[in-house]
Structure formats: C-alpha cells, structure tokens
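Peer 1: Sequence and computational prediction follow.
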Amino acid sequence: MMMRTIVMAGMLSVAAAMLGGCFSADPKDLEAFQTPDQADVTGEDYIIQPPDRLTIIASNIPELAGSGGGGGYSSQLGQTQSIRPDGMISYEKIGEIPVAGKTPRQVAEFIAERLKDLYKLTGDHPIDVRVENQSKLYYIVGQVRQPGAKVFSGRETTLSALAKAILTDYAWKDQIQVIRPSRVEGERSRIFCLDYRKIVEHGKMEQVVLLQEGDIIYVPPTIFSSIGLTVGEIVGPIFQGGQAAQVLGAGAAGG
C-alpha cells in the first residue's frame, strides 16, 4: 500500500509539472532570433579563439607552402596548427604569432607585416588564413540520440540542429525549448517554445531561426515518458533492495 501511494504521488507531481508545457517560454522571445535570410554570416568577422585550428597558406614562403604542418599536424595545402591555450601559434623562422581575439584577415595582415622584409610578397592578400572552428559551440540536451555540445557553424538553424541530433520516441516534439542565455548580468534569458511537429509535418517555418554561439535546445520527454522515468527512479531502488533481501534470506536459510 505504501509503495502504491509513493508511486501515485510521483506520477501526479510529474503530470502537474509537465501539463504547463514550456512553462518558462515567452512567445515574444522569438523576436530575439534572426531568420536565415536576415543574417549575412561570413568568415570575415569570425573571432579566432583556442582551440580553433588555423591553416596558413603562402605559396612563395617555404615554411607556409608545403605539407607537413607544424604543431604535429599535416596539411596538403599550407600549414595547420591548433591555437595554444595562450592564444598563440608559432613557426621556427616566423616566431610567435598572437592570433586569439583577431579575425582571419587581421592574422594574415600581421604575418605579412612580419615577413615583408624576409620575402617578396605580391598581391593584395599574399597570406591566406583559413579557420577550422573548434571554439564556438551550441548545446542540445534532453530526448535526442546525439546530445551534447556541437560545433557552431554560423549557419546552424533550429531545424538543422534538431535533424542532426535525432529526436527519440520519448521526445515531446511540440514543446521544445530554445534558450538564448543572457550575456548581461541581471538580464533574463530569451526562451521560446518550438513545435517540431508543425515544422516537419506542415512546413510551418516561422520557428526555423538561426542559432548563435551558446544557444541551448532542450527537448523534454512527453508527460507519459516523464512519468515512466520518474516511476522507474522511485521503484527501481526499492525493487533492487527487495531482491537483495531475498537473496540474503535465501542464503541464510540455506546455511
């Protein structure tokens, strides 16, 4: 009887909490997100940070032209290195190069300025800097098969992120929360409720918006799935304890 009471109390508490759906979301918060056609995302404005990887290419500079890059990495074109925690990369003849906090164009100009007395550099942009992003992330958690931190591409949308993560059978598809944490102390985060079912089944694209670095997508379980999980958490240890007691009792009786 006690067991039944505990289980029922757990089920009722979960149901009460979940019936509100996206309890912390505000429909107006969708306005804080840009649609894909509103943003011009290019690599020109990308801010480099550890542990991004840089490939630096300069065909007429031996140290930057061939394969067999520094830092333990190789590249068929140019030289590739991961940015160290101190924000630097280095080459034997060029020396230490501060790259963290700069754009690819600023890094290229810095290297060109340092090398102009050693090599004859031609063209408007003799140094080409390409970035493999490893430092910018967004997050997807909850009822998906591939949760966790994901590399932020700059063109990731709510739809592409969810499609890659693959929702489970337990996902509450019409109550997904998209969260943009506040970067200003005292300012609230922006949260809107996304209906994945309407997007994929009816083509309702109003909620297909661009993500930003640091955004969080939370896919909650359905009410019944949540109840099942909660019941399992409550009943599991009790059943395990009962089975252990039976084993000990049988052992004592056999002795």
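Peer 2: Good, I have the coordinates. Computed from a predicted structure; not experimentally measured. Residues are numbered from 1 along each chain as shown.

Peer 1: does Glu96 have beta-bridge partners, and which?
Peer 2: Ser90 (DSSP bridges).

Peer 1: any idea how far it lies from Ser90?
Peer 2: 5 Å (CB to CB, to the nearest Å). Where you see a C-beta, it was placed from the backbone N, CA and C, and this is true even at glycine.

Peer 1: Just say helix, strand or coil for Tyr138.
Peer 2: Put simply, Tyr138 is strand when judged by DSSP: H, G, I helix; E, B strand; the rest coil.

Peer 1: what pLDDT does it get?
Peer 2: The model reports Tyr138 with a pLDDT of 96.

Peer 1: From Pro147, how far off is it?
Peer 2: With distances taken as CB to CB, Tyr138 is found 12 Å from Pro147.

Peer 1: what's the answer for Ile83, then?
Peer 2: Distance from Ile83 to Pro147, counting by CB to CB: 27 Å.

Peer 1: who has more neighbours, these two?
Peer 2: Taking neighbours as other CB atoms under 10 Å, Ile83 and Pro147 compare with Ile83 leading, 23 against 17.

Peer 1: Identify the residues contacting the closest residue to that one other than its chain neighbours.
Peer 2: Using CB to CB, 6 or more residues apart in numbering and skipping residues adjacent in sequence, the residue nearest Ile83 is Pro50, 4.4 Å away. The contact partners of Pro50, by CB atoms under 8 Å, 6 or more residues apart in numbering, come to 82-85, 87, 100, 135.

Peer 1: Out of these, which is nearest to Ala65?
Peer 2: Nearest to Ala65 among those is Ser82, at 19.9 Å by CB to CB.

Peer 1: can you pull the pLDDT of that closest one?
Peer 2: pLDDT, Ser82: 93.

Peer 1: how deep is it tucked in, by neighbour count?
Peer 2: Neighbour tally, Ser82, other CB under 10 Å: 17.

Peer 1: Kindly present the contacts of Pro50 as a markdown table, with separate columns for secondary structure and distance to Ala112.
Peer 2: Formatted as a markdown table, the contacts of Pro50 follow (DSSP: H, G, I helix; E, B strand; the rest coil; distance: CB to CB, whole Å):
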| residue | secondary structure | distance to Ala112 |
| --- | --- | --- |
| Ser82 | strand | 22 |
| Ile83 | coil | 19 |
| Arg84 | coil | 22 |
| Pro85 | coil | 26 |
| Gly87 | coil | 19 |
| Ala100 | coil | 19 |
| Ser135 | coil | 24 |
